[in-house]
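Peer 1: Just the structure for this:
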Amino acid sequence: MLDIIKEPWPWYVAGPLIGLTVPTLLILGNKSFGISSSLRHICAACIPANVSFFKYDWKKESWNLFFVLGIFFGGMIAAHLLMIPGEITVNPNLKAELATYGITDYSNLVPTQLMNFESLWTLKGFILMVVGGFLVGFGTRYAGGCTSGHAIMGLSNLQWPSLVATICFMIGGFLMANLILPIILSL
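Peer 2: Okay, here's the model as predicted:
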């Protein structure tokens, strides 16, 4: 049974399962799907209420924290039980291109030559981890949500801002992967 689960699920199975999350949340609890708002709820619970951005009843949204914890622990369990040991399969053309940047270790989901504590203190590591993390966080707040909230929840509700945000996410991703990341990796 686990062998069937260990294989990647085709898009026509995984996609509808993700898509069914939206009506399930709406029908069962009148809730919106999104992940980035959970950070605001955590801050509202921990920061004194004198900061106006955090003055709201975060306890009404505590379900979102359990949802995010479920994703985190589900991912940990899946990684522990379902990951096939060995090298991650990467397209040979991509592997050849990444080798020109010194990325050759595919034993983890993220190459260890990019994401490790030692590389945090290099220019390349600082840009990728700290600056990239800040930009993702800033962009999420500026766009009023993350990719999952806009692309899954917002588009399914035919919201114009979510369409604009999703198009911008895609353009940004293409520019990053094809133009900016090669420059950073060559540092």
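
Peer 1: so who does the closest residue to Met153 other than its chain neighbours touch?
Peer 2: Nearest residue to Met153 in three dimensions, chain neighbours excluded: Phe33, at 4.1 Å (C-beta to C-beta, 6 or more residues apart in numbering). Using the backbone N, CA and C atoms, a C-beta is placed for each residue, glycine as well. With contacts defined as C-beta atoms under 8 Å, 6 or more residues apart in numbering, Phe33 is in contact with 21-22, 25, 148-149, 152-153.

Peer 1: Which of these are buried? Put it as a ChimeraX command.
Peer 2: The ChimeraX command for the buried members of the contacts of Phe33 (criterion: 16 or more other C-beta atoms under 10 Å) is given here:
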select :22,25,148,149,152,153
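
Peer 1: nearest to Trp58, of the contacts of Phe33?
Peer 2: Of all the contacts of Phe33, Gly149 has the smallest distance to Trp58: 17.1 Å, by C-beta to C-beta.

Peer 1: what about stretch 35-50, distance to the chain center?
Peer 2: 19 Å (C-alpha atoms, centre = their mean, to the nearest Å).

Peer 1: so where do the helices sit in the protein?
Peer 2: Read by DSSP state H, the chain holds these helices, from start to end of the chain: 2-6, 11-19, 21-29, 37-46, 62-82, 92-99, 123-126, 132-142, 147, 155-156, 160-175, 181-185.

Peer 1: Of these, which is nearest Met115?
Peer 2: Proximity to Met115, assessed across the helices of the chain by C-beta to C-beta, is greatest for helix 123-126 (7.9 Å).

Peer 1: which of the residues in the closest one are buried?
Peer 2: Counting neighbours by 16+ other C-beta under 10 Å, one finds that the buried residues in helix 123-126 are 124-125.

Peer 1: How far does it sit from its chain's centre?
Peer 2: Using C-alpha atoms, centre = their mean, the mean C-alpha position of helix 123-126 is found 20 Å from that of the whole chain.

Peer 1: same check, this time on stretch 65-77
Peer 2: Between the centre of stretch 65-77 and the centre of its host chain there is 13 Å, according to C-alpha atoms, centre = their mean.
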